[in-house]
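**Student:** model the structure of this input:
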Amino acid sequence: MILGHISKEEFLADYWQKKPLLVRNAIANFEPPIDGDELAGLSLEQEVESRLVIGEDCKLEHGPFAEERFASLPASHWTLLVQAVDLWVPEVAELLQYFDFIPPWRIDDIMVSYAEDGGSVGPHFDYYDVFLIQGAGQRKWQIGEDCDAETPLLKNTELKILQQFEPSSEWVLEPGDMLYLPPKIAHHGVAIGDCTTFSIGFRAPAATEMLDDLATELLTGIVAPNHLIDPPLTPEMAVDNIPDAYIKRVKSLLLETLDDDELLAQWFAQFMTAPKYPMLVDQTGEQRRATLKHKDGTLSRFENGLKD
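**Tutor:** Here you go, the predicted structure:
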C-alpha cells in the first residue's frame, strides 16, 4: 500500500488537496525503472519535452538536447526534467497502478528528473496535486506556506520561482519514499548527490482554459445559438454608458447557455480525456478514457477526447 498505514479513504478525506503527507518506504525495495543516462537519452529526441535547469540562479534551457550538451555541464547544480516519461517507457507507466484511488482521467503525466548534487528548480508552487517518489539517491524537500496568484515571483526568469521562501518543514527522501503535496503549497527540492525523482502530476485546468475550450465547443454548433436581447429601453439609455441592465442581461444569457448538465458533462469528458500530445498518439499509444452515465442510465465512453 503506497500510502503506508493510511487507508485510501482516510487519505482522500484528510489529505487530498488539503495537506502534505510523507510516506517512508512507500514502495519497498524500489528499483527505479529509468536512470539518469536513459533519461538523458530521451531528452535527445525531438518528440520528447525536456528541460535543463542549471546553476544556483536556475538558468533554463529547453530540449531536445545534443549529446555534447551533457558533456559540457558542470559537475553539480543542474537538473534534467523530462515530461510524460510514462508515454515513452512502459515500466515508468506501471507506477500509475499505485494510484488507483484517484480517477484515472485526472492524471496528467509522470515527469522524471535527474539532478546532480545541489540540483534544483528553485522554490515554487504548483496549481496541481503531485506525488513525489524518490528514485535513486537522496533529495531534501522543504515546504512552506500556501501561495496564490498574488504571491510575488522572481522576475527575468521563465521559471515561477518565489521571491521569498520560508520553510516550515524539511525532510530528506530516500529511495522508495514518497511525498504528497497538495496544490499551491510552496516547496523546494535539492539533490543530495546525484538522484532521480518521479513526479506523478494531475490535471488541474484553470477556469479560463476550460471556458476557452467550452466556447470553441459551443461554436461547433452542438447547441442552438441564443442571442442577446435588449432589456427594456428608455430614451435616457441612448448614451455611451452601458447600463447595468445590459450587464445583467448578458450574465443571464451566458448562465442560461451553460445551464445544460448533459452538454457540460459531455464537453468535460472530452476535455479531460484529450491527449497530452495529440499529434504523437500514434507513436506514444496514449490512451485516456472516461465513462459518463446519463440521466436515463445509459453510458457513454470517451477515449482521447472523442466519444466512442
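
**Student:** was I right to think Ile102 contacts Phe202?
**Tutor:** Yes. Using CB atoms under 8 Å, Ile102 is in contact with Phe202, at 7.0 Å. C-beta here means a position set from N, CA and C on the backbone, and glycine is covered the same way.

**Student:** quick one, domains of this structure?
**Tutor:** 8-202, 207-307 (automatic domain parsing).

**Student:** centre of the chain to the last one, how far?
**Tutor:** Yep, that's domain 207-307 we're talking about. Between the centre of domain 207-307 and the centre of its host chain there is 22 Å, according to CA atoms, centre = their mean, to the nearest Å.

**Student:** so Val85 makes contact with Met111?
**Tutor:** Yes. Applying CB under 8 Å as the test, Val85 and Met111 come out as touching, 6.9 Å apart.

**Student:** more neighbours: which of these two?
**Tutor:** Per other CB atoms under 10 Å, whichever of Val85 and Met111 has more neighbours is Val85, with 27 against 21.

**Student:** residues in contact with the residue nearest to Thr284 when sequence neighbours are not counted?
**Tutor:** The shortest distance from Thr284 to any non-neighbouring residue, by CB to CB, 6 or more residues apart in numbering, is to Leu87 (4.1 Å). With contact set as CB atoms under 8 Å, 6 or more residues apart in numbering, Leu87 has these partners: Ala93, Asp109, Lys276, Tyr277, Leu280, Thr284, Gly285, Glu286.

**Student:** which of those residues has the most neighbours?
**Tutor:** Counting neighbours by other CB under 10 Å, Asp109 leads these with 22 neighbours.

**Student:** check which helices and strands the helix or strand where that residue lies sits against.
**Tutor:** Using DSSP states H and E, Asp109 sits within strand 107-115. Under the contact criterion of 3 or more CB pairs under 8 Å, 6 or more residues apart in numbering; DSSP states H and E, strand 107-115 touches helix 36-42, strand 78-82, helix 90-93, strand 195-202.

**Student:** so which of these is nearest Trp16?
**Tutor:** Minimum separation from Trp16 across those (CB to CB) falls at strand 195-202, 10.1 Å.
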